[in-house]
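*Asks:* Take a look and give me a structure for this.
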Amino acid sequence: MPALNVEFSDRELEDLRQIAKERGTSMKALVREAAAADIARHRALQEGAEAFRRFFASHADEFAAAFPDDEPAHTSEGRVA
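*Replies:* Reported below is the predicted structural model:
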């Protein structure tokens, strides 16, 4: 399995040791779990943003009709001014 060397300050390293000890796990497992959780969060945010874009695009006319004052001004070329 590929590995990654990560540098921490003395304070961060001590905090990691303490947290790992409190949780009854290794520092390696603690850092791996934190990275995996952040990756999962990032993916979920990307998926949520894409779902929102699809929803908004499919309902753009409805939003425009419901909120006409919030529509961007258009030039004669059809671009936002």
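*Asks:* what sits up against the helix or strand where residue 63 lies?
*Replies:* Using DSSP states H and E, residue 63 falls within helix 60-66. Helix 60-66 is contacted from outside by 56, 71, using CB atoms under 8 Å, 6 or more residues apart in numbering. For glycine as for every other residue, the C-beta is placed from the backbone atoms N, C-alpha and C.
*Asks:* Now with 10 Å, please.
*Replies:* Helix 60-66 is contacted by residues 56, 59, 70, 71, 72 when judged by CB atoms under 10 Å, 6 or more residues apart in numbering.
*Asks:* which of the residues in it are buried?
*Replies:* For helix 60-66, a neighbour-count test (16 or more other CB atoms under 10 Å) marks nothing as buried.
*Asks:* what mean pLDDT does that helix have?
*Replies:* Mean pLDDT, computed over helix 60-66, is 92.
*Asks:* Scan this protein for its longest helix.
*Replies:* Looking across the chain with DSSP state H, the single longest helix is helix 27-58.
*Asks:* That helix packs against which elements?
*Replies:* The helices and strands touching helix 27-58, judged by 3 or more CB pairs under 10 Å, 6 or more residues apart in numbering; DSSP states H and E, are helix 10-23.
*Asks:* Could you list the residues in contact with the helix it packs on?
*Replies:* With contact meaning CB under 10 Å, 6+ apart, helix 10-23 is reached by 6-9, 25-31, 33-34.
*Asks:* Now restrict the residues you listed to buried residues only.
*Replies:* Buried subset of these (neighbour count, 16+ other CB under 10 Å): residue 30.
*Asks:* In a markdown table: the contacts of helix 10-23, plus pLDDT and distance to residue 65.
*Replies:* Listed next are the contacts of helix 10-23 as a markdown table, based on pLDDT from 0 to 100; distance: CB to CB, whole Å:
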| residue | pLDDT | distance to residue 65 |
| --- | --- | --- |
| 6 | 94 | 52 |
| 7 | 96 | 55 |
| 8 | 97 | 54 |
| 9 | 98 | 55 |
| 25 | 98 | 54 |
| 26 | 98 | 57 |
| 27 | 97 | 56 |
| 28 | 96 | 56 |
| 29 | 97 | 53 |
| 30 | 98 | 52 |
| 31 | 97 | 51 |
| 33 | 97 | 47 |
| 34 | 97 | 46 |
